[in-house]
Each structure stands twice: as structure tokens, then as C-alpha cells.
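**Q** got a predicted structure plus its sequence, pasted below:
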Amino acid sequence: MSKLKMGVVGVGGIWNFCHANTLLEHPDVEIVAVCDIVKPKAQTFAKAHGIKHVFADYRDLLKLKGLDFVDICTPNLYHSEIAVAAMKAGKHVFCEKPDAVNPVVAQKMADAAKKSGKTLMVMRNNRFAPGSRYLKKFIDAGKMGEIYTGRCGWQRRRGSPGKGGWFTTKALSGGGPLIDLGVHMIDLAIWLMGDPVPLAVSGCTYCKFADSVAAADSANASFGEAKADGTYDV
């Protein structure tokens, strides 16, 4: 089988920390193009790995002939816009979570996938963890009986990523820890339960860390680019 030709949109922290090494070494994938609005980032990565095509605008990347799929690693606000454009251009899409910043634009992604016939996959990596796969098999075999309720959570101490940057700016991120981390646990819980339709949803949000001066002792705090005079409204 010939290798799948792949383009990357967004070569920041999540790409370099979580995506790059796996995809560079994947036997069935060839990265042929990289794109970042800060073009020097894309140029540096491309030079280091012998990638020919470098862009600052994702629209130019989508014009490449022979491109099979794109991996979207941009701030959350742009996930839907780029994904929809890519599928309209005949490309498959793999996208970092969350799907989008609100249900309306997330639905646009689903609609574009259905209309184009292209595959759309948004990051759900916790479903592939050995423990999750075992538990899913255990549940599907009926060994837990009827599951009629569930509870999920994730705890992280002092790990606000890129304080003042896009992670803590609601207009770009869509929200704080719930949309950044909760999406994983909520998805995993619903998946394990067999995708039930919820009857009601309630929740509370807080902004308790914006003025905190506590040191960030989590490696995840290194994500994003902190700005001393930036925004923290999530």
C-alpha cells in the first residue's frame, strides 16, 4: 500500500509534544506539507524533517494535489473552519479535541463529513488506552449488567497551560478545563455506557485561578505560549 500523504495545520505545542513523533515514524504516513500562521515555526519543522511544502495559510495547503488528509492542531476556534474546508477540498480530517468551540460549528463538521463522504476523526485517544479497551470489552460482554448511571472526573493540580495565551482566552479556546480535559472523560464515560442519550445536563464553571501566583508544577502547564499581560477569562 502506498503511504498516505498528510498535511499538518498548526505546528505548536500539541503537535510537537503529542503528534509529531508518532506520525513521523508511522510506516503508512508521509508528511508532505506543514502550515502555521507563524511561518518560521513551520519552516523550522520542515527543514528538520525534509518536508518540501511550507505554508502560512491553510487554504494554500489544501490546494496541494495528492494530499490525502490533514491533521489539525490549531487553537480550538479554528478546528471547525479548517476541517470543513478540508473536507470540501476532498481531504480526510484528523483533528485535535475538542471538536469545536460550540455545538453549532461542531455540527457543521459532521454535516461536511456526511456530505463529502470523507472521514472525520477528532482526538479520542483515551478510548484506545489498554484499560479502556478491556473495560469496553468487559461491558459489551454483559458482565456489568445494565449500566444506568455513571460518574467521571479528572484531577490536575496547578496545570493551567499558557496562562494569558489562547488556552485561557475564551474567544479562542471556547472554555477552560471542561472543554480542554473534561471532553476526554465525558466521552469515555458515554462511550463505555453505550452512547446513551442524556435527558438533562447541568454544570457550574469557575474562574478561580486567573489571579493565582502559585507555581505550575505540571508538565502540561508548558502547553501554549504564556503572556504576562494576556487574557484569563475561562
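**A** In hand now; what should we look at? The structure presented is a predicted model; accordingly, all values stated were derived computationally and were not measured.
**Q** residues of stretch 58-74 that come out buried?
**A** With burial defined by 16 or more other C-beta atoms under 10 Å, the residues of stretch 58-74 counted as buried are 58, 61-62, 64, 67-74. Backbone N, C-alpha and C define where each C-beta goes, glycine included.
**Q** before we move on, what about stretch 98-107?
**A** Buried residues in stretch 98-107, counting neighbours by 16+ other C-beta under 10 Å, are found at 98-101, 105-106.
**Q** still on that earlier bit, of all the buried residues of stretch 58-74, which comes closest to E30?
**A** D68 (9.3 Å; C-beta to C-beta).
**Q** looking at the buried residues of stretch 58-74, which are in helices?
**A** Judged by DSSP state H, the subset of those located in helices is 58, 61.
**Q** of all the buried residues of stretch 58-74, which two lie farthest apart?
**A** Greatest spatial distance among the buried residues of stretch 58-74 (C-beta to C-beta): D68 and T74, at 19.4 Å.
**Q** contacting residues around the residue most central in space within the chain?
**A** Relative to the mean C-alpha position of the chain, the nearest C-alpha, by C-alpha atoms, centre = their mean, is the one of E96, at 1.6 Å. Under the criterion of C-beta atoms under 8 Å, 6 or more residues apart in numbering, the contact partners of E96 comprise 14, 72-74, 79, 122-123.
**Q** what's the spacing between the residue of the chain most remote from its centre and I139?
**A** Ranked by distance from the centre of the chain (C-alpha atoms, centre = their mean), the top residue is G145, with 33.0 Å. In this structure, G145 and I139 are separated by 9 Å, where distance is defined by C-beta to C-beta, to the nearest Å.
**Q** cool, L77 as well?
**A** From L77 to I139 the distance is 35 Å (C-beta to C-beta).
**Q** which two from the buried residues of stretch 98-107 end up farthest apart in space?
**A** Maximum pairwise distance among the buried residues of stretch 98-107 (C-beta to C-beta): 10.7 Å, between P98 and V105.
**Q** and for the nearest residue to L62 once chain neighbours are set aside, the neighbour number?
**A** The shortest distance from L62 to any non-neighbouring residue, by C-beta to C-beta, 6 or more residues apart in numbering, is to A89 (4.3 Å). Other residues lying near A89 total 17 when counted by other C-beta atoms under 10 Å.
**Q** now K39
**A** 15.
**Q** is it true that it touches D57?
**A** No: between K39 and D57 there is no contact, the gap being 9.3 Å when judged by C-beta atoms under 8 Å.
**Q** which elements pack onto the longest helix belonging to the chain?
**A** With secondary structure taken from DSSP H, the chain has its longest helix at helix 103-116. Applying 3 or more C-beta pairs under 8 Å, 6 or more residues apart in numbering; DSSP states H and E, one finds that helix 103-116 makes contact with helix 79-88, strand 92-95, strand 120-122.
**Q** which residues touch it?
**A** Under the contact criterion C-beta under 8 Å, 6+ apart, helix 103-116 has outside partners 79-81, 83-84, 87-88, 90, 93, 95, 99-100, 118-120, 122.
**Q** cheers, nothing more for now.
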